[in-house]
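Student: Sequence isn't available, so here's the structure alone:
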């Protein structure tokens, strides 16, 4: 919605997924560090296997992040440069792990958090990813608590029970405060 209002959007999660897709820059490094059994026959990260490993062994998660995060950072820098060269008035970073990383808050002017109740979040992830609810809860438990995300926010949009039109109105108000 912010893009439709003129913002350039950079999606860190999409960039991360691209690094672990077939031919992605992280694939050789993941195969070297974790073994070829963590790569699918199509050449992508075996997300299910890695998810099990990463949540059973926190050091594996850190090692995976040490591979992926620098690659994501390089691509974000490239996209920022392109957006600035194109004259973007506002660049929106969609960064799911903003609070966990500890470094992003200092690099952005403002933080907008789109929030909902935890059970709504679980239901939405289950519908989108076909993961079991207990898997989604485990993933959420490994992330920064909701209270920390809200504390990091300069602006919060509560997306609980809103119609698409009501959400669009909230986003338009936020966009005006960002100069869009």
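Tutor: Perfect, I can see it now. This structure is a prediction, so every number in the text was calculated from the model and none was measured.
Student: Residue 120 and residue 162 touch, don't they?
Tutor: No - assessed by C-beta atoms under 8 Å, residue 120 is found out of contact with residue 162, at 10.9 Å. All C-beta atoms are positioned from the backbone trio N, CA, C, and that covers glycine.
Student: Report the contact partners of residue 154.
Tutor: Residues counted as contacts of residue 154 (C-beta atoms under 8 Å, 6 or more residues apart in numbering) are 110-112.
Student: Are any of the residues you listed buried, and if so which?
Tutor: 111-112 (16 or more other C-beta atoms under 10 Å).
Student: can you give me the strands for this structure?
Tutor: Taking DSSP state E as the criterion, the chain carries its strands at 8-11, 91-94, 112-115, 155-158.
Student: lowest average confidence, helix or strand, in this protein?
Tutor: When the helices and strands of the chain are scored by mean pLDDT, DSSP states H and E, helix 98-101 comes last with a mean of 82.
Student: elements contacting it?
Tutor: Judged by 3 or more C-beta pairs under 8 Å, 6 or more residues apart in numbering; DSSP states H and E, the packing partners of helix 98-101 are helix 146-152.
Student: Residues contacting the helix it packs on, please?
Tutor: The contact list for helix 146-152 (C-beta under 8 Å, 6+ apart) reads 98-99, 105, 111, 113, 115, 118, 156.
Student: Can you turn the buried subset of the residues you listed into a selection I can paste into PyMOL?
Tutor: Remark: buried members of these, expressed as a PyMOL selection using 16+ other C-beta under 10 Å:
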select buried, resi 98+99+111+113+115
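Student: Would you check which pair of the contacts of helix 146-152 lies furthest apart?
Tutor: 105 and 118 (22.5 Å; C-beta to C-beta).
Student: could I get the strands of the chain as CSV with distance to residue 50?
Tutor: Output for the strands of the chain, formatted as CSV (distance: least, C-beta to C-beta, whole Å):
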stretch, distance to residue 50
strand 8-11, 20
strand 91-94, 22
strand 112-115, 27
strand 155-158, 31
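Student: Would you mind putting these into TSV with mean pLDDT and distance to residue 140 alongside?
Tutor: As requested, these are exported to TSV (pLDDT from 0 to 100; distance: least, C-beta to C-beta, whole Å):
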stretch	mean pLDDT	distance to residue 140
strand 8-11	96	20
strand 91-94	94	18
strand 112-115	94	13
strand 155-158	96	18
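Student: right, so of these, which gets closest to residue 37?
Tutor: It is, among those and with distance given as C-beta to C-beta, strand 8-11, at 28.9 Å.
Student: which residue ranges form the helices in this structure?
Tutor: 12-19, 27-34, 47-56, 58-85, 98-101, 118-129, 133-141, 146-152, 164-177 (DSSP state H).
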